[in-house]
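Engineer: Kindly return the folded structure for what I paste below:
(chains A and B)
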Amino acid sequence: MNRREYISHVAVLLGGAFSMPTLLAIERLEYPRAEAPAAVFQLNNIQRTIVAEVAEMIIPQTETAGAKEAGVPSFIELMLNDCYRTPVHLSFIEGVEELRAAGFLTKNGAEKTELLRKVEKDTKELMKAYNMQQSKMGDNEDRELMKVQTKGLPFWRLMKELTLLGYFTSEAGIKGSFEYVPIPGKLEEVKIKPNQKIYAY
Amino acid sequence: MNLNLTVDKTHRYDAIVVGSGMTGGMAAKELTEKGLSVLMIERGREVKHIEDYDTAMKAPWEFAHRGKVPVHSAEELWANNRFGTLANEETGPFFTNDKQNPYIEKRPFDWIRAYHTGGKSMHWGRQSYRWNRRDFEANALEGIGVDWPIRYDDLAPWYTHAEKFVGINGSKDNLEVLPDGFFLPPMPMYSPERHFTEKVKTKLGRPVIIGRTANLTKPQPWHIALGRATCQYRSKCARGCPYGAVYSSLSGAIPAAAKTKRLSMLHDSIVAEVLYDEKSQKAKGVRVINQNTLEVSEYFAKIIFLNAGSMNTAALLLNSKSSRFPNGLGNDSDQVGRNIMDHHLGVGANASIEGFEENIVFGQRPNSLYIPRFRNWGNDRQTAYLRGFGYQGGASRSDWKRGAGQDGFGADFKKEMTQPGMWSIGFGGFGEVLPNPNNRMYLDSEKKDKWGIPMIVFDAAFGENEIAMRKDIANSAAEMLEAAGFKSITTYNRPEVHLGLGIHEMGTARMGKDAKTSVLNKYNQIHACKNVFVTDGAAMASSSCVNPSLTYMALTARAADFAVAELKRKNL
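Structural biologist: Here you go, the predicted structure:
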């Protein structure tokens, strides 16, 4: 993607799937100056275990590596620390703590899945409120103030985004899932064959 | 390559070129090839072609933040990052630290800079289009700004000259609105794009073409002679192209100039002032400050080309005061710094496409489709605004990123994410901006940068014409996507876009017929100081809606040809 095509393509590429904060962390479409200052983000051991477990449940080990093997848990922590600010840190921790309080780590596999399905369902409501807040912020003159006060992206949504990003840009994720072609050398439209791996660059 | 970087001890040259970017490179190439000794002065650090493209061959997992922008970097590159991930881990080395190079915004201005060898040619969008005949006539016809002192026919041979040297791929489309040029073979359109092109043509009568970009699809002997090779379809152009397939000053103009053995280069050297000689009524040289050591030195030449980038070129003129030019060199008209134009963008529409599921693409196309201007053209007349816009965009299949907004997790979800998603398509507009003398930049009377040079203040904004046009850009894009039968059409019109974000900033030392209302004559000479030429975007009297670099390069080559002829005639 070159920079000139960038603005016209960004929404297409992300298919509207990535939420605004990740877009913002990715794209910095707004004024970085107007945000709350960066803060140190750290997980305790229990929280870290929960994050790793959830990541692995989103992208489990199958015939290819899972999120843990691909280094996703530490990537998530690095990203939260380096690329996100306080409101996102707080909502992320809140989500992890809710899982802890619900006894996530003591549950068996099926129960864990059930709990995460509930979290996913609840997140839809949270996302509605969140998107409304974002659109209000869009036309609000007190944007700077609102940004400090606002809630970050809901935990599940960010967790999923960062797990996908961390996994499908990792060496294990790319090479296991796709045909990695760093130097295509040509450009052509082709018909996909049954069970063919698609290309990554 | 062995660059002759040695600076002459006498500090005397036939020509000085300020800036090593898109037009500085072209000026140095043309002037050295015509026999002049040239000193090219770059304010930023030295970047060596290929050798210094540190991120060019890195795999995705070799970037700690996977191409995203860390908070601290977003703060240091605050203006750059208004555009997008411009200054991320992949391309960050080629953008300028805004925190260390601040500017003042009386009204918001998105100023994206590239202080290093090659300037913005290191990461330009490479879309290269000729202006049409009307673009040069519109100001006069509509009574906007000042009339161009040249017409299409004056520039046409120089377009060809620049196209050949740079290497532009494209198809001959035989459109009056977008004249053909010297093209290398075009890149392909994908099936859904061909479907779109066909529908838009039959239902709306609008042509859609494959973009014309400065990537070598089939290098010609003169490209190969400079070490440039065929595009590898990685589409990682902005990291620096190690194949030289992308045109930049580093891959093209500077090696060509260096071949003549008449090019000298200075890096880390900020030109603070053009020195004017009251006696000869000509510029005699430049005063330079080393950005690291703060050492001041002077260099002298018969002619001076200013190619510092439109805003910095104007700032340099404003800062070059003398008894003859108390308001800045060449600023008798008070037009230096005024009439800032750009192309407004961040407005368009997207849709999803049903079908074509069996088709995928091998390789990455560093190009898009282009929809030439159709408004206020032919029989179309808009009452809400003057001029028009073009679109860039195209179709692609969605990938694993779609998963974030989708339900599910676990083994099946993982498998699904390894498969291609639907095709989607989007187009963003590039709109013409009208010249307005109240859209301006000037030097702050008190605040100075760390080199003691007055800071630039921006006081400019879009006008009613641009705002009205934007609504139509979004709606017309949706209309075309609908004509093609695409689904889930959404429009966008980003409210936070300011002048500058198109990174096509121009107009601050406009060409014109009358010295009272313009800064440059028809050969890009300062009206009242004929041995100074301005051939970057500052020279523009209007903006058209097509990407400007090719026009800047053509103007530069034309001015260089004239300058050398004038030197021979002893007129300079």
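Engineer: ok, the top strand by length along chain A: who's next to it in the sheet?
Structural biologist: Criterion DSSP state E: the longest strand present in chain A is strand A:188-191. In the sheet, strand A:188-191 lines up against strand B:359-362 (antiparallel) (DSSP bridges).
Engineer: re the thing from before, can you show me the CA trace of the longest strand of chain A as CSV?
Structural biologist: In CSV, the C-alpha atoms belonging to strand A:188-191 read as follows (Å, rounded to 0.1, in the frame of the first residue of the first chain):
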residue,chain,number,x,y,z
GLU,A,188,-1.3,-11.7,-12.0
GLU,A,189,-4.8,-12.6,-11.1
VAL,A,190,-5.2,-16.3,-10.7
LYS,A,191,-8.0,-18.8,-10.0
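Engineer: Quick check: mean pLDDT of it?
Structural biologist: The pLDDT scores in strand A:188-191 average 97.
Engineer: can you list contacts of that strand?
Structural biologist: When contacts are defined by Cβ atoms under 8 Å, 6 or more residues apart in numbering or on different chains, strand A:188-191 is touched by residues B:188, B:190-191, B:358-363. Placement of C-beta: from N, CA and C, glycine included.
Engineer: Would you format these as TSV with pLDDT and neighbour count included?
Structural biologist: Shown next, in TSV, are the contacts of strand A:188-191 (pLDDT from 0 to 100; neighbours: other Cβ atoms under 10 Å in any protein chain shown):
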residue	pLDDT	neighbour count
B:P188	98	16
B:Y190	98	23
B:S191	98	17
B:E358	96	10
B:N359	97	17
B:I360	97	18
B:V361	98	21
B:F362	98	17
B:G363	98	23
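Engineer: wait, which of the residues you listed is closest to chain A?
Structural biologist: B:G363 (3.7 Å; Cβ to the nearest Cβ).
Engineer: tell me the contacts of that closest one?
Structural biologist: With contact set as Cβ under 8 Å, 6+ apart, B:G363 has these partners: A:181, A:184-188, B:233.
Engineer: run the last query once more with 7 Å
Structural biologist: A:184, A:186-188, B:233 (Cβ atoms under 7 Å, 6 or more residues apart in numbering or on different chains).
Engineer: Next: B:K321.
Structural biologist: If you count contacts by Cβ under 7 Å, 6+ apart, then B:K321 has B:G328 around it.
Engineer: Just the element for it, please.
Structural biologist: Element membership for B:K321, per DSSP states H and E: none, as it lies in no helix or strand.
Engineer: what about it, distance to B:L443?
Structural biologist: Using Cβ to Cβ, to the nearest Å, B:K321 is found at 10 Å from B:L443.
Engineer: got any ranges where chain B has weak pLDDT?
Structural biologist: Along chain B, the parts satisfying pLDDT under 70 run over B:1-6, B:85-86.
Engineer: Which one of the residues in it is closest to chain A?
Structural biologist: For chain B, Cβ to the nearest Cβ, closest residue to chain A: B:G125, 2.0 Å.
Engineer: and A:M132, what pLDDT?
Structural biologist: Listed pLDDT for A:M132 reads 78.
Engineer: Make sure it is indeed in a helix.
Structural biologist: Yes. Read with DSSP: H, G, I helix; E, B strand; the rest coil, A:M132 is one of the residues of a helix.
Engineer: Distance of it relative to A:L126?
Structural biologist: A:M132 is 11 Å from A:L126, by Cβ to Cβ.
Engineer: try B:E358
Structural biologist: With Cβ to Cβ as the criterion, B:E358 and A:L126 are 38 Å apart.
Engineer: same deal with B:I41?
Structural biologist: According to Cβ to Cβ, B:I41 stands 56 Å off from A:L126.
Engineer: More neighbours: these two, which one.
Structural biologist: B:I41 (25 against 18; other Cβ atoms under 10 Å in any protein chain shown).
Engineer: quick one, what contacts that one?
Structural biologist: B:16, B:18, B:266, B:269, B:271, B:288.
Engineer: Please report phi then psi for the spatially most central residue of chain A.
Structural biologist: Nearest to the mean C-alpha position of chain A, by Cα atoms, centre = their mean, lies A:E161 at 2.0 Å. Main-chain dihedrals, A:E161, degrees, to the nearest 10: phi -60, psi -50.
Engineer: A:M127 contacts A:P154, doesn't it?
Structural biologist: Yes. Counting by Cβ atoms under 7 Å, A:P154 is a contact partner of A:M127 at 6.1 Å.
Engineer: more crowded one of the two?
Structural biologist: Neighbours per residue (other Cβ under 10 Å) separate A:M127 from A:P154, with A:P154 holding more: 24 against 17.
Engineer: Now the phi/psi pair for the more buried one, please.
Structural biologist: phi -50, psi 140.
Engineer: Now do the residue lying closest to B:T418 once chain neighbours are set aside, the pLDDT please.
Structural biologist: Nearest non-adjacent residue to B:T418, counting by Cβ to Cβ, 6 or more residues apart in numbering or on different chains: A:S177, 4.2 Å away. You'll see A:S177 listed with a pLDDT of 97.
Engineer: wait, does the host helix or strand of B:S476 contact chain A?
Structural biologist: Assigned by DSSP H and E, B:S476 belongs to helix B:464-483. No. Using Cβ under 7 Å from any Cβ of the partner chain, helix B:464-483 never reaches chain A; the gap is at least 9.1 Å.
Engineer: which helices and strands sit right next to the helix or strand that comes right after that helix?
Structural biologist: Counting by DSSP H and E, the next helix or strand C-terminal to helix B:464-483 is strand B:487-493. Counting contacts by 3 or more Cβ pairs under 7 Å, 6 or more residues apart in numbering or on different chains; DSSP states H and E, strand B:487-493 packs against strand B:347-353, helix B:464-483.
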